[in-house]
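# fold the following.
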Amino acid sequence: MCISPGGLCSRGLSHFIRRFNYTNNLIGSINLINASINAGSVKCFVFTSSIAVYGKNQLPMTEELMPAAEDPYGVSKLAVELDLKAAHEMFGLNSIIFRPSMFWRRQNDGHITAMW
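Now for the predicted structure:
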């Protein structure tokens, strides 16, 4: 199993850090997908996407809502989702994709340092 929680979202900065979004979120994930395929032993690739793939659609959001990514962060996450679909069809790589609404992390002292 390969679990990919990686990515960077900088609220409001996505348009200004386009290259970083695509290098980190898209190319980094594609490299992990390729390594998983080449290893031949990965049974499932778990990918952390984002509700950013939906763009600014109306609420409430449902699972039937079509993606409409609007910024480099959302576009990069959606591109990885599509590549995982292709990897399954072409190489049989199973995947699980989930789209959380928010992540947060703690510093060593236990304080919340970032929230999206």
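# residues in contact with the closest residue to Glu70 other than its chain neighbours?
Distances taken as C-beta to C-beta, 6 or more residues apart in numbering place Gly55 nearest to Glu70, at 4.2 Å, with adjacent residues excluded. Backbone N, C-alpha and C define where each C-beta goes, glycine included. If you count contacts by C-beta atoms under 8 Å, 6 or more residues apart in numbering, Gly55 has them with Pro67, Ala68, Ala69, Glu70, Gly74.
# of those, which is the nearest to Leu32?
Nearest to Leu32 among the contacts of Gly55: Gly74, at 19.3 Å, using C-beta to C-beta.
# ok, back up a step: Met66 versus the residue nearest to Glu70, what's the distance?
Separation of Gly55 from Met66 (C-beta to C-beta, to the nearest Å): 10 Å.
# same thing with Ser36?
Distance of Ser36 to Met66, computed by C-beta to C-beta: 27 Å.
# more neighbours: those two, which one.
Ranked by neighbour count (other C-beta atoms under 10 Å), Ser36 and Met66 place Ser36 first, with 22 against 8.
# and the strands in the protein?
Counting by DSSP state E, the chain has strands at residues 2-4, 44-48, 94-98, 104-106, 112-115.
# per-residue confidence averaged over the fourth one?
Spelled out, it's strand 104-106. Per-residue pLDDT values over strand 104-106 give a mean of 54.
# and for the second one?
Averaging pLDDT along strand 44-48 yields 92.
# buried residues in that strand, which are they?
For strand 44-48, the neighbour count (16 or more other C-beta atoms under 10 Å) marks Phe45, Phe47, Thr48 as buried.
# off-centre distance for it?
Remark: strand 44-48 is offset 9 Å from the chain centroid, using C-alpha atoms, centre = their mean, to the nearest Å.
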